[in-house]
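Q: Have a look at this prediction, sequence included:
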Amino acid sequence: MTIAIVFVCIGLLALALIIYLAKGHLSRSGDLEKLAVQLRPVDVSAFCNLISVSEQEYLRENLPPREFRSIHRERMAAAVEYVRCAAHNASILMRLAEAARQHSDPSVRQAGEKLLENGLRLRLYAIQVIPRVYLSMAFPNARPVPGIFADTYDTMSRQVVTLSCLHFPTHGMSSAL
Amino acid sequence: MLFAGYYLWIAPHVFLGVFLIFLVRRKLQRELPIFTCYVAFELIQFLVLFTLALRSPFPNGIYNWTLVFGAGIGSTLQLGVIYELASELLLSRSPLKPVLRPVLQIVLAVLLLGAAGASGAFSGISVQSATNTFQTIDFSSNLIEAGMVLALFVFARVLRVSWHSWGAGVVLGFGVAASIDLVSAALRAEWGKRVFIAADITQMAAFHVCVVIWLGSLFLVGRTPPFPDGKLKISDLELWDQELQRMVQR
């Protein structure tokens, strides 16, 4: 009896979740102009500074331990925010890439393919990086973010510029990054 | 009740036939061949069961075993379709493949274990051998299918993967039907014959909804999303120029 009720609840919950996720998926706007406005600026240099091991070591050596831990926590909180913004921008650029993949020009299609691949890669990195940054907040000795995250974001920004150069309207996305 | 029962048995298969015709006419069977086989199999199974049901006297044993074998083949094909859809929608994208493949395998293994454990725990599964086998297959396949579809939707949402193809509608149809079927299969497995008719009606209604979603996805969602035209604007040119200058200064 109990097990049947458990699976009835699981079934109903699964139904509600599937409908909710599908609804969110189908209702996503296809207007790139509106999406471009939602881009959040990310300063890659500032982000690299936040996750730099040498910066971390410098602060550790020159600050009292208590103060270092407090500042490290603040730096890592800022780094999480950067990662979230980068992941958000990646999802928008992936929409641009999807549109570029349908273009008649093969070079635009190829650029869109590369941008999409990097967007997916960046979102995968973001999923892995955020828990590691939180871990680094608790244990300041752990290295939070691999440098490849910043590199991938930088590559993506360059690919948007490449798309622009290929006469594909990016609605100002390249400058918003 | 009798009319509702016959309607829910016949109408979804008529719609499914229409769906298959349009699928083949648009040459979409090449995109999802296992799904096309599954649709064809569902239609053949319906024709065989319907013919058996019209025979007098009603061949109870043959009908039940046909149902069991049909459920077995149908469940295998459904799993194949989910694998096909996962490949089409997620695994075909190169950065996702090495990460998502093992995750999906783990999800499948957990669901299989859950289905095996729960099937043994239900008290209603012990009446007749054919019914017993059918209930086990029915419950397990629905649990696995609903879980896998949910996992696909979660991954697509987290990674913001765009599903503009009609495959998204196929996944949604499977997900809705499997989760409703899971509810009725759990009730049938626990209370046996007492809820057989109600569970059957619910499952047929769920399949009807599923086929309507598939038809809708073929005609509505399959349209390509709007994307910008290739015309060059002066404002865009200026922005590109600014961006290029900024990058050169880096």
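A: Received it, and whenever you're ready, just let me know what you need. Residues are numbered from 1 along each chain as shown, chains lettered A, B, ... in the order given.

Q: just the strands in chain A please.
A: In chain A, no segments count as strands under DSSP state E.

Q: How many neighbouring residues does B:Met1 have?
A: 7 (other CB atoms under 10 Å in any protein chain shown). (Each C-beta comes from the backbone N, C-alpha and C, glycine too.)

Q: Tell me the spacing between the residue minimising distance to the centre of chain B and B:Leu85.
A: For chain B, the residue whose C-alpha lies nearest the mean C-alpha position (CA atoms, centre = their mean) is B:Phe174; its distance is 2.3 Å. Here B:Phe174 is placed at a distance of 8 Å from B:Leu85 (CB to CB, to the nearest Å).

Q: Let's test this: mean pLDDT of whichever helix or strand B:Ala198 is part of, rounded?
A: Taking DSSP states H and E as the criterion, B:Ala198 maps to helix B:196-216. Within the predicted structure, the mean pLDDT of helix B:196-216 is 90.

Q: Ok, stretch B:6-17 next?
A: pLDDT averaged over stretch B:6-17 equals 93, rounded to a whole number.

Q: likewise stretch B:97-104?
A: Per-residue confidence for stretch B:97-104 averages out to 79 on the pLDDT scale.

Q: same deal with stretch B:42-51?
A: The model assigns stretch B:42-51 a mean pLDDT of 93.

Q: circling back: other SSEs contacting the helix holding B:Ala198?
A: Packed against helix B:196-216, as judged by 3 or more CB pairs under 8 Å, 6 or more residues apart in numbering or on different chains; DSSP states H and E, are the following elements: helix B:2-25, helix B:167-191.

Q: model confidence over the longest one, on average?
A: What it means is helix B:167-191. Helix B:167-191 carries an average pLDDT of 87.

Q: quick one: it to helix B:2-25, angle?
A: In this structure, helix B:167-191 runs at an angle of 150 degrees to helix B:2-25, with axes from the mean of the first three to the mean of the last three CA atoms, to 10 degrees as the basis.

Q: close to chain A, is helix B:167-191?
A: Yes - under the criterion of CB under 8 Å from any CB of the partner chain, chain A is reached by helix B:167-191 at B:168, B:172, B:175-176, B:178-183, B:185-187, B:189-191.

Q: between that helix and helix B:196-216, how many degrees?
A: Computed with the same axes, to 10 degrees, the direction of helix B:167-191 lies at 180 degrees from that of helix B:196-216.

Q: Show me which parts of helix B:167-191 are buried, residue by residue.
A: Buried residues in helix B:167-191, counting neighbours by 16 or more other CB atoms under 10 Å in any protein chain shown, are found at B:167-191.

Q: Show me what that helix packs onto, helices and strands only.
A: Here helix B:167-191 is seen to pack against helix A:2-26, helix B:60-86, helix B:129-159, helix B:196-216 when contacts are counted using 3+ CB pairs under 8 Å, 6+ apart.

Q: Could you do the shortest one as well?
A: Helix B:2-25 is packed against helix B:33-54, helix B:196-216, with contacts defined by 3+ CB pairs under 8 Å, 6+ apart.

Q: sorry, back to before: mind giving me CSV with the helices and strands packed on helix B:167-191 and columns for mean neighbour count and distance to B:Tyr7?
A: Below are those laid out as CSV (neighbours: other CB atoms under 10 Å in any protein chain shown; distance: least, CB to CB, whole Å):
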stretch, mean neighbour count, distance to B:Tyr7
helix A:2-26, 17, 23
helix B:60-86, 17, 20
helix B:129-159, 22, 22
helix B:196-216, 19, 9
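
Q: Test my guess that the residue nearest to the centre of chain B contacts B:Gln78.
A: Yes - when contacts are counted by CB atoms under 8 Å, B:Phe174 is listed as touching B:Gln78 (7.0 Å).

Q: Mind listing the shared neighbours of the two?
A: Jointly contacting B:Phe174 and B:Gln78 under the rule CB atoms under 8 Å, 6 or more residues apart in numbering or on different chains are B:Glu145.

Q: mind checking the longest helix of chain A?
A: As assigned by DSSP state H, the longest helix anywhere in chain A is helix A:65-100.

Q: How far off centre is it?
A: Its chain's average C-alpha position is 7 Å from that of helix A:65-100, according to CA atoms, centre = their mean, to the nearest Å.

Q: picking that back up, residues contacting the helix holding B:Ala198, please?
A: Contacts to helix B:196-216, defined as CB under 8 Å, 6+ apart, come from residues B:4-5, B:8-9, B:11-12, B:15-16, B:18-19, B:169-170, B:172-174, B:176-177, B:180-181, B:183-185, B:187-188.

Q: 6 Å instead, please
A: Helix B:196-216 is touched from outside by B:8-9, B:12, B:15-16, B:19, B:169, B:172-173, B:176-177, B:180-181, B:184, B:187-188, with contacts defined as CB atoms under 6 Å, 6 or more residues apart in numbering or on different chains.

Q: Which of those sits closest to B:Phe58?
A: B:Trp9 (14.9 Å; CB to CB).

Q: can you pull the contacts of that closest one?
A: Residues in contact with B:Trp9 (CB under 6 Å, 6+ apart) are B:Met204.

Q: ok, the residue lying closest to B:Phe15 once chain neighbours are set aside to B:Ile10 distance?
A: Nearest non-adjacent residue to B:Phe15, counting by CB to CB, 6 or more residues apart in numbering or on different chains: B:Val211, 4.6 Å away. Separation of B:Val211 from B:Ile10 (CB to CB) stands at 12 Å.

Q: same check, this time on B:Thr131
A: Spatial separation of B:Thr131 from B:Ile10 under the definition CB to CB is 23 Å.

Q: Kindly report the same for B:Val209.
A: Between B:Val209 and B:Ile10 the distance is 16 Å, computed by CB to CB.
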